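Undergrad: A structural model of the following input is requested.
(one chain, ligands or ions: 1)
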Amino acid sequence: MNKTAQTDYDIHPLINQRWSPRAFRNEMPPRDALLRLFEAARWAPSSGNGQPWQFVVTSQENPQAYEKLFTTLHPANQAWVGSAPLLVMAVMEALRDNGRSNLWAPYDLGQAVANLAIQATAEGLFVHQMAGFDREQAKAAFNLPEQFEPMTVFVIGYLGDPDSLSEDLRERELAPRERKPLSSFTYENEWDQPLER
Ligand SMILES: Cc1cc2nc3c(=O)[nH]c(=O)nc-3n(C[C@H](O)[C@H](O)[C@H](O)COP(=O)(O)O)c2cc1C
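TA: Take a look at the predicted model:
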């Protein structure tokens, strides 16, 4: 299955080979590979070097914890997530050390997860992020202190067999990846003036 992005300009293979599968092999990545993923997240840039990211990792080796996070997912995500060995909650710290709210915390957390996903690609692993979960339920289930907010849950694992999915999910799994054209979001000098090729 080739899901490599069909790009208009050449980009690094680690970027065009990353995608978000739904079928995963029931195989745990080695612990050192997992740690390298979070090391990659660690070195993301952040506003004021505030590093407002936290991750709660659960795996099928601890079914109780995995289940606790799994039950927060929307049914549409529960339909495919169970095949992945690792389920992670990405949490942002909403307040800075001085007690003021950190407007850039979601941006910074996103950059950390982007780093992690690229490192995963380098390790032969895949990440699929989800906003489709109950944030309040997740916050309560893991007893997060007040200033911490769950933002996404993501799975990590090796690519599985699309035939393990239901028909509609298999169709999406095999569909080509799509993006808006570069010209639709890049401007030069002025808003709405296309970036010159
Ligand atoms: C913040 C965020 C939330 C997402 N939420 C979901 C989700 O709840 N369920 C899902 O199946 N995919 C989810 N996705 C995956 C996107 O649908 C996917 O990244 C997008 O369609 C592009 O596909 P690609 O990652 O394969 O290039 C989410 C991705 C991000 C970054």
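
Undergrad: who are the packing partners of the longest strand along the chain?
TA: With secondary structure taken from DSSP state E, the chain has its longest strand at strand 148-157. Judged by 3 or more CB pairs under 8 Å, 6 or more residues apart in numbering; DSSP states H and E, strand 148-157 is in contact with strand 86-93, helix 105-122, strand 126-130, helix 135-141. Bear in mind the C-beta positions are built from the backbone N, C-alpha and C, glycine included.

Undergrad: could I get whatever helix or strand comes next after that strand in CSV with only the CA atoms?
TA: Scanning forward in sequence from strand 148-157 by DSSP states H and E, the next helix or strand is helix 167-174. Output in CSV follows, covering the C-alpha atoms of helix 167-174 (Å, rounded to 0.1, in the frame of the first residue of the first chain):
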residue,chain,number,x,y,z
GLU,A,167,-15.5,-2.1,4.7
ASP,A,168,-16.0,1.7,5.0
LEU,A,169,-12.8,2.1,7.0
ARG,A,170,-10.8,-0.1,4.6
GLU,A,171,-11.9,2.2,1.8
ARG,A,172,-10.6,5.3,3.6
GLU,A,173,-7.4,3.4,4.5
LEU,A,174,-6.7,2.7,0.8
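
Undergrad: number the residues from 590 up from this point.
TA: Happy to do that; since the first residue is 590 now, the last one works out to helix 756-763.

Undergrad: near the ligand at all, the longest strand of the chain?
TA: Yes. For strand 737-746, a contact with the ligand is found by CB under 6 Å from any ligand atom, at residue 741.

Undergrad: show me what from this protein comes close to the ligand.
TA: Residues of the chain lying near the ligand (CB under 6 Å from any ligand atom): 608-609, 666, 718-721, 741, 766.

Undergrad: residue closest to the middle of this protein?
TA: residue 718 (3.3 Å; CA atoms, centre = their mean).

Undergrad: apart from its neighbours in sequence, what residue is nearest it?
TA: Closest residue in space to residue 718, ignoring its immediate chain neighbours: residue 743 at 4.3 Å, by CB to CB, 6 or more residues apart in numbering.

Undergrad: contacting residues around the one you found?
TA: 676-677, 679, 702, 716-719 (CB atoms under 8 Å, 6 or more residues apart in numbering).

Undergrad: which one (most neighbours) among the residues you listed?
TA: The most crowded member of the contacts of residue 743, judged by other CB atoms under 10 Å, is residue 676 (26 neighbours).

Undergrad: does residue 712 touch residue 621 like I think?
TA: No. Counting by CB atoms under 8 Å, residue 712 sits too far from residue 621 to count as a contact (9.7 Å).

Undergrad: how about this protein: which residue is closest to the ligand?
TA: Nearest residue of the chain to the ligand: residue 721, at 2.9 Å (CB to the nearest ligand atom).

Undergrad: from residue 655, how far off is that residue?
TA: Computed as CB to CB, to the nearest Å, the residue 721 to residue 655 distance reads 17 Å.

Undergrad: higher neighbour count, those two?
TA: For residue 721 versus residue 655, neighbours defined as other CB under 10 Å are more numerous around residue 655 (20 against 15).
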